[in-house]
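>>> Got a predicted model here, sequence first, then my questions.
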Amino acid sequence: MMFKYLPLASLAAVPTHGAGCYPAWSSGSDYFTGLLVSATITKTSTSTASDGTVTETTTRQTKNFKCTSGSQPSLSHCPNYDPSNAVQQAAAWSDQGVCSGTAVALTTPAPTTKPTPSRWTNAGCPEVWTSGGSYEGGDVVEQNGSVYSCSTATGANLWCGLDAYKPGDSVHWEMVWKLLGS
């Protein structure tokens, strides 16, 4: 079997909404919901000709992405989830399309230290969240003066009692809890 390598193919890049590429994503930077970055996606495909020759083609495409995870850097997956990785991208980033050149710098407001929840108006006081507790989807708890509801997504309730998902006070809480008010 013979391998034939082709040079890196360049895709025509069309700016997204007239914007150029935002600054490149960098692991560990302070990213939060709404922040824009760019990343280069590399895809390799192979094809086999009738004579058995295998051709490998690699394409690169630079795209803009918007962070959709966490209202502040300490609650966001974006600092550690690389938008060029399809799995990590799906968990923390929104694809904003192909870009080229450099985007005009936008002023992004600094995140608030804590989201301001609406006032809890339902009757009664929910029980305080308990580490290691067993929660069902829709269960309502109180934590540090705020009220949260455990996700009703299949299996998500299994995470609601874990410290890594402590409502309002952990990196991953927004994955399984919904802030209802304070």
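Yes, it's here. In this text, all values refer to a predicted model and were calculated from it rather than measured experimentally.

>>> Worst mean pLDDT across the helices and strands of this protein, which element?
Lowest on mean pLDDT, DSSP states H and E among the helices and strands of the chain sits strand 9-10, with a mean of 32.

>>> For T58, see how far away the residue of the chain positioned farthest from its centre is.
Distance from the C-alpha centroid of the chain, by Cα atoms, centre = their mean, peaks at D51 (44.2 Å). Remark: distance between D51 and T58 (Cβ to Cβ, to the nearest Å) = 22 Å. Placement of C-beta: from N, CA and C, glycine included.

>>> re earlier: did I read that right, the residue farthest from the centre of the chain in a helix?
No: assessed with DSSP: H, G, I helix; E, B strand; the rest coil, D51 is coil; it does not lie in a helix.

>>> ok so, going back, next SSE after the least confident helix or strand of the chain?
strand 36-48 (DSSP states H and E).

>>> Just the buried residues of that next one, please?
Neighbour-count burial for strand 36-48 flags L36, V37, S38, A39, I41 (criterion: 16 or more other Cβ atoms under 10 Å).

>>> is V98 in a bridge, and if so with what?
K63 (DSSP bridges).

>>> from the buried residues of strand 36-48, which has minimum pLDDT?
Among those, L36 has the lowest pLDDT, at 86.

>>> and it, bridged to which residues?
Beta-bridge partners for L36, by DSSP bridges, are K66.

>>> just the one 5 residues further on next, same as before
Using DSSP bridges, the beta-bridge partners of I41 come out as Q61.

>>> what residues are up against it?
Shown in contact with I41 (Cβ atoms under 8 Å, 6 or more residues apart in numbering): R60, Q61, T62, K63, S84.

>>> thinking again about what came up before, pull up the per-residue confidence for the residue farthest from the centre of the chain.
Among the per-residue scores, D51 shows a pLDDT of 93.
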